[in-house]
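Asker: I'll drop the sequence and a predicted model, then ask my questions.
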Amino acid sequence: MIIVKHKVNTLLNLDKIPKNYGVEVDIRLNNKKFILSHYNNSQKNKTYLGKFLKKFNHSYLILNLKEQHLAKKLLNFMKKKKIKNFFLLDLFPHEIIKIKSKKTFVQDFHIMKTGEILIELKNFLNGYG
C-alpha cells in the first residue's frame with residue numbers, strides 16, 4: 001500500500017514528504033503552463049508543474065484536474081517528462097471518451113472501467129476487514 005499525501009501543491013510541501021509516499025496535486029492551466037493550485041490560478045507565487053516534477057522523486061503521483069480540457073495536454077506533458085507512475089483524478093466524461101478514442105493514448109495509458117475500480121476498491125477494503 002502506498003500512503004498518498006493530499007494537496008501537496010508547493011515545493012516546500014513536497015520537500016516535507018517522505019520519498020516512499022505518493023503525492024496528490026491540483027492541476028490548473030495558467031498562460032499555457034500547468035500550475036499547482038486547489039482554489040484558483042490567480043495566486044502570486046505559482047508553483048509550475050514542470051519545476052515540481054524536477055524535484056519529484058516519490059513513489060506515486062495523483063494529478064487532480066481542476067479544470068476541463070486538460071487531460072490530453074497533461075498526458076502529453078507527462079509522457080514528455082517520462083513520468084509513468086501517476087494517474088489522473090476527476091476527469092470529465094467527455095475527456096475520457098476523447099482519450100479512449102485516440103489509438104496512441106490507449107496504447108500508453110490504461111483507463112479502468114467503473115466495474116474494475118469497484119473490484120479494486122472491494123479487494124482493498126477486504127484487506128482491512
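Answerer: Done, it's in.
Asker: Any idea which helix or strand in the chain has the lowest mean pLDDT?
Answerer: Within the chain, judged by mean pLDDT, DSSP states H and E, the helix or strand with the poorest mean is helix 103-108; its value is a mean of 43.
Asker: Check the secondary structure at Met78 for me.
Answerer: Per DSSP: H, G, I helix; E, B strand; the rest coil, the local secondary structure of Met78 is helix.
Asker: Now do the contacts for Lys82.
Answerer: By Cβ atoms under 8 Å, 6 or more residues apart in numbering, no residues touch Lys82. Just so you know, the C-beta spots here come from the backbone N, C-alpha and C atoms, and that holds for glycine as well.
Asker: same thing but 10 Å
Answerer: Shown in contact with Lys82 (Cβ atoms under 10 Å, 6 or more residues apart in numbering): Leu53.
Asker: What strand or helix carries it?
Answerer: Taking DSSP states H and E as the definition, Lys82 sits outside all helices and strands.
Asker: Now do stretch 71-78, average pLDDT.
Answerer: Averaged over stretch 71-78, pLDDT sits at 90.
Asker: can you check stretch 31-48 too?
Answerer: 85.
Asker: quick one: buried residues of that stretch?
Answerer: Phe34, Ile35, Leu36, Ser37, Asn41, Lys46, Thr47 (16 or more other Cβ atoms under 10 Å).
Asker: Can you get me the start-to-end distance on it?
Answerer: End-to-end distance for stretch 31-48, by Cα to Cα, to the nearest Å: 11 Å.
Asker: just stretch 36-55 next, same as before
Answerer: 14 Å.
Asker: Phi, psi for Val23 please.
Answerer: phi -130, psi 150 (degrees, to the nearest 10).
Asker: Would you quantify the distance from the closest residue to it other than its chain neighbours to Glu24?
Answerer: With Cβ to Cβ, 6 or more residues apart in numbering as the criterion, Val23 has its nearest non-adjacent residue at 4.1 Å, and that residue is Val8. Counting by Cβ to Cβ, to the nearest Å, the gap from Val8 to Glu24 is 7 Å.
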